[in-house]
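Asker: Model the following, please.
(chains A and B, ligands or ions: 2)
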Amino acid sequence: MRPFAYSRATDLDHAARLAGDGARPIAGGTNLLDLMKLEVETPDALVDINRLPLGGIETHGDGLRIGALVSNSACAADERIRRDYPVLARAILAGATFQLRNMATTAGNLCQRTRCYYFYNTDMPCNKRAPGSGCSAIGGFNRIHAILGASDACIATYPGDMAVALCALDATVEIAGRDGQARSVPVRAFHRLPGDAPERDNILEPGEVITAVMLPAPPGGKHIYRKVRDRSSYAFALVSIAAVVRMDRGAIASASLAFGALAHKPWHDTRIDDLLTGQAPSDALFDAAADRLLEGATGQGANDFKIPMARRILKAVLREATGDAT
Amino acid sequence: MPLTINGHDHDFAGDPRTTLLDFLRRDCNLTGTKKGCDHGQCGACTVLVNGQRINACLTLAIMHDGESITTIEGLGTPDNLDPIQAAFVRHDGYQCGYCTPGQICSAKAMLAEAASNWPSFVSEDLSGAVRLTREEIRERMSGNLCRCGAYSNIVDAIVDVMEREQ
Ligand SMILES: Cc1cc2nc3c(=O)[nH]c(=O)nc-3n(C[C@H](O)[C@H](O)[C@H](O)COP(=O)(O)OP(=O)(O)OC[C@H]3O[C@@H](n4cnc5c(N)ncnc54)[C@H](O)[C@@H]3O)c2cc1C
Ligand code: SF4
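Answerer: Numbers count the residues shown, from 1 in each chain, chains lettered A, B, ... in the order given. Ligands and ions are numbered 1, 2, ... in the order given. Sure thing, here's the model as predicted:
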């Protein structure tokens, strides 16, 4: 690990000021330290935000406000989350292990970086790690890589589970900036596609610190998080789907779907939700939803299997969500 | 403020790069906690921080002043084993023993999490009381790898502890 200056933030302004001057916030450390040991990440300074008052899950309007430092364990164990937002609890519990989730925080989880093998391997070109050096995954081994929204510069995926559920729930990220500035960004717009700047995973600017994630009023309906992976526990997703679906008299009253491990960001396409809404469930309808999702999907060779797999999993999730009505 | 490790105060004043794991092993001479992968994947370095299990390899010692750390050395003594340690001995819950301190610390916290009704990925009902089936134990212990494959005996040991506690 390269040497770095360590400081502990005394308040949010202090954290934002240090972060604006180039210090990286460290929360649970489970992603950042892993990458620093490999010298994939080489920050000159860390600002430890763990003692800031950014914990706790509070009522906020009809919804909840989850503090940036709430651990993944505490979030998944919270009674309100389990009862009213089970898709979120399920997605968190599908990721990592109890040990890691005890350390991992809500904000750190959102900002976790890709698991692309070449991003981790400092001997190989990688535009995300070393902009302009090339992408080793294109034409290389790319089993875990993107089938949607990739670019010529990068085909990496966002690997996390929690954010996929947050997209289905249409949650919002609350961000503090320098000089007391604050802004809110929908989780659906927080992560970005690689384009020609794959070094940027999300829309955070230097000096910005995530303070909370807001959940809207409980959406009701059936909540499903389905994760397909190489082993049944403790592995990243190959395809995952978060679904919140409400039925009314045999028809889909509302549907909100988000997809993990298919793109550089958790994938959400309003057109899929719209296509399902108001319709009676049928195999043809589910195929139409899958067609919409996979419009423009491109395999890279080793990840071609994700295309038929995403279709099958989507149809299975929709069958379950609509009560096996077809 | 010092870190409290197994009830004793330890001051940290080293290189900020020092992980909690390296601090325990190198500076505190507490070598029971093992370094396996050093990347949070194997669980050999599992310790308890304020009662919660974590991977000591993915956190910095400098971040933990004022906190209470329990390592395997803090759980029992050779003459007075923790019930989980005794059960691992009874059931041969190890072969080479390298992952064992992490397994035991993990099991200790796992039983407390279940008693607080924390659900897991395999819990059918998210809101109900947790019943630790073998499937639940396997899922909840999946952060601790054992290259010798003593898994079935590890689960037996944990089941035994639960039955004796009831
Ligand atoms: C072996 C292993 C298996 C895993 N498996 C899974 C899995 O299956 N599914 C899954 O989803 N995840 C998985 N993870 C990833 C894990 O969920 C993340 O490492 C964790 O959520 C990161 O949270 P943290 O608080 O530790 O972040 P840190 O490591 O502290 O930080 C991560 C990033 O977030 C930034 N950051 C942190 N807090 C803030 C803030 N408040 N404002 C702005 N930036 C901030 C940091 O600067 C850093 O860039 C796994 C990790 C490991 C090591
Ligand atoms: S896919 Fe992205 S992260 Fe992976 S090697 Fe290419 S540029 Fe790097």
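
Asker: For chain B, which segments are assigned as strands?
Answerer: For chain B, the strands defined by DSSP state E occupy B:3-5, B:8-10, B:46-49, B:52-55, B:68-70.

Asker: For stretch A:94-103, measure first residue to last.
Answerer: Terminal residues of stretch A:94-103 lie 16 Å apart, using CA to CA, to the nearest Å.

Asker: Stretch A:127-147 now?
Answerer: Distance across stretch A:127-147, first residue to last, is 18 Å (CA to CA).

Asker: Model confidence for the residue lying closest to A:G221 once chain neighbours are set aside, exactly?
Answerer: Spatial nearest neighbour of A:G221, chain neighbours left out: A:R246 (3.3 Å); criterion: CB to CB, 6 or more residues apart in numbering or on different chains. Every residue, glycine included, has its C-beta placed from N, CA and C. pLDDT for A:R246: 97.

Asker: my read: A:R246 touches A:S254, true?
Answerer: Yes. Between A:R246 and A:S254 there is a contact under CB atoms under 8 Å: 4.7 Å.

Asker: which residues do these two both contact?
Answerer: The overlap between the contact sets of A:R246 and A:S254 (CB atoms under 8 Å, 6 or more residues apart in numbering or on different chains) consists of A:219, A:221.

Asker: chain center to the helix or strand where the residue nearest to A:G221 lies: distance?
Answerer: Per DSSP states H and E: A:R246 is located in strand A:239-248. Computed by CA atoms, centre = their mean, to the nearest Å, the separation of strand A:239-248 from the middle of its chain amounts to 16 Å.

Asker: Stretch A:258-271 too?
Answerer: On the basis of CA atoms, centre = their mean, stretch A:258-271 is displaced by 9 Å from the centre of the chain it belongs to.

Asker: Then stretch A:253-263?
Answerer: On the basis of CA atoms, centre = their mean, stretch A:253-263 is displaced by 12 Å from the centre of the chain it belongs to.

Asker: Over to stretch A:238-254?
Answerer: For stretch A:238-254, the distance to the chain centre is 20 Å (CA atoms, centre = their mean).

Asker: wait, does it contact ligand 1?
Answerer: No. Stretch A:238-254 stays clear of ligand 1 (CB under 6 Å from any ligand atom), getting no nearer than 9.0 Å.

Asker: what's the span of that stretch from first residue to last?
Answerer: Its first and final residues considered, stretch A:238-254 spans 26 Å by CA to CA.

Asker: what comes up buried for that stretch?
Answerer: Of the residues in stretch A:238-254, A:238-245, A:247, A:252, A:254 count as buried by neighbour count, 16 or more other CB atoms under 10 Å in any protein chain shown.

Asker: what residues are up against the closest residue to ligand 1 within the stretch 51-200 of chain A?
Answerer: Of all residues in the stretch 51-200 of chain A, A:G108 sits closest to ligand 1, at 2.1 Å by CB to the nearest ligand atom. A:G108 is in contact with A:27-32, counting by CB under 8 Å, 6+ apart.

Asker: ok, A:V164 touching A:A242?
Answerer: Yes. The pair A:V164 / A:A242 is scored as a contact, 4.7 Å apart, by CB under 8 Å.

Asker: For chain B, which residues are neighbours of chain A?
Answerer: B:15-17, B:19, B:38-40, B:43, B:46, B:52-55, B:58-60, B:62-63, B:106, B:109-110, B:113, B:116-121, B:123, B:126-127, B:138-140, B:142-143 (CB under 8 Å from any CB of the partner chain).

Asker: quick one, domains of chain B?
Answerer: Segmentation of chain B into domains, based on automatic domain parsing, reads B:2-74, B:83-165.

Asker: The ones you listed: which one's closest to ligand 1?
Answerer: Ligand 1 lies closest, by CB to the nearest ligand atom, to one member of the domains of chain B: domain B:2-74, at 3.6 Å.

Asker: sorry, back to before: turn the strands of chain B into a markdown table, columns for mean pLDDT, mean neighbour count and distance to ligand 1.
Answerer: Converted to a markdown table, the strands of chain B look like this (pLDDT from 0 to 100; neighbours: other CB atoms under 10 Å in any protein chain shown; distance: least, CB to the nearest ligand atom, whole Å):
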| stretch | mean pLDDT | mean neighbour count | distance to ligand 1 |
| --- | --- | --- | --- |
| strand B:3-5 | 97 | 21 | 19 |
| strand B:8-10 | 97 | 13 | 24 |
| strand B:46-49 | 98 | 26 | 13 |
| strand B:52-55 | 98 | 28 | 8 |
| strand B:68-70 | 98 | 20 | 18 |
